[in-house]
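Engineer: structural data only, the sequence is not supplied:
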């Protein structure tokens, strides 16, 4: 079950289509108790919502999700000042996912491959550091990964399912950064640089990359995991 964030809405991928929870809609509508409000709207309007919704298991809970038509009907049953604005953003999100899902899948597959290359590069770096006297070489694997996440997304630890929540722009940025790290490591080793210099070179160039591209603040509250 993949969370997909578009237009600040968290959609759910189910059966290769985009769905959304009532709780997510109510949260965006500004309800103080979105869980209670979502349940209340469902109970009062089951006749109109049943054919456009289903239930899935998310973590340990059975959650009701709505397709595009169901989501529109759900919002129509709400009465808040920002309902019209929220409806427009939500529709844009559904349209975006409908039109761009294949390109995201291709980019996600590419990122998996690139991450594999980066992992191989970091492993090579760890071995190089150990061979050159580092007593804590194994810590570089986690150190480089945490450093990258902090520089690019301002997070100290990537939560479970992190990559699947990134949009195309964020995923592309991460893929480019990981490919660059792999090359920096290879060039550092080939040039005989001390492993500490190579680590600082990675940090310097990733910082410059983030300054050029801009830091993306990652909202871990948008994760279901």
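Structural biologist: Great, that's in hand. All values reported here derive from a predicted model rather than from experimental measurement. Numbering: from 1, shown residues only.
Engineer: let me know the outermost residue of the protein.
Structural biologist: Note on the chain: the largest C-alpha distance from the chain mean falls to residue 133, namely 37.2 Å (CA atoms, centre = their mean).
Engineer: check whether that one sits in a helix, strand or coil.
Structural biologist: Following DSSP: H, G, I helix; E, B strand; the rest coil, the label given to residue 133 is coil.
Engineer: look up how far residue 195 lies from it.
Structural biologist: For residue 133, the distance to residue 195 (CB to CB, to the nearest Å) stands at 9 Å. (Glycine included, C-beta is placed from N, CA and C.)
Engineer: could you do residue 183 as well?
Structural biologist: Taken as CB to CB, the span from residue 183 to residue 195 is 16 Å.
Engineer: between the two, which one's more packed in?
Structural biologist: Neighbours per residue (other CB atoms under 10 Å) separate residue 183 from residue 195, with residue 195 holding more: 21 against 13.
Engineer: these two touch, right, the more buried one and residue 125?
Structural biologist: Yes: using CB atoms under 8 Å, residue 195 is in contact with residue 125, at 6.8 Å.
Engineer: anything in contact with each of the two?
Structural biologist: Residues touching both residue 195 and residue 125 (CB atoms under 8 Å, 6 or more residues apart in numbering): 140, 188.
Engineer: just the element for residue 89, please.
Structural biologist: helix 83-131 (DSSP states H and E).
Engineer: what mean pLDDT would you report for that helix?
Structural biologist: For helix 83-131, the mean per-residue pLDDT is 79.
Engineer: show the subsequent helix or strand relative to that helix.
Structural biologist: helix 139-153.
Engineer: helices and strands around the helix or strand just after that following helix, which ones?
Structural biologist: Downstream of helix 139-153, the next assigned helix or strand under DSSP H and E is helix 168-190. Helices and strands touching helix 168-190, by 3 or more CB pairs under 8 Å, 6 or more residues apart in numbering; DSSP states H and E, are helix 83-131, helix 139-153, helix 195-213.
Engineer: return the most buried member of those.
Structural biologist: Compared across those, helix 139-153 shows the largest average neighbour count, a mean of 18 (mean count of other CB atoms under 10 Å).
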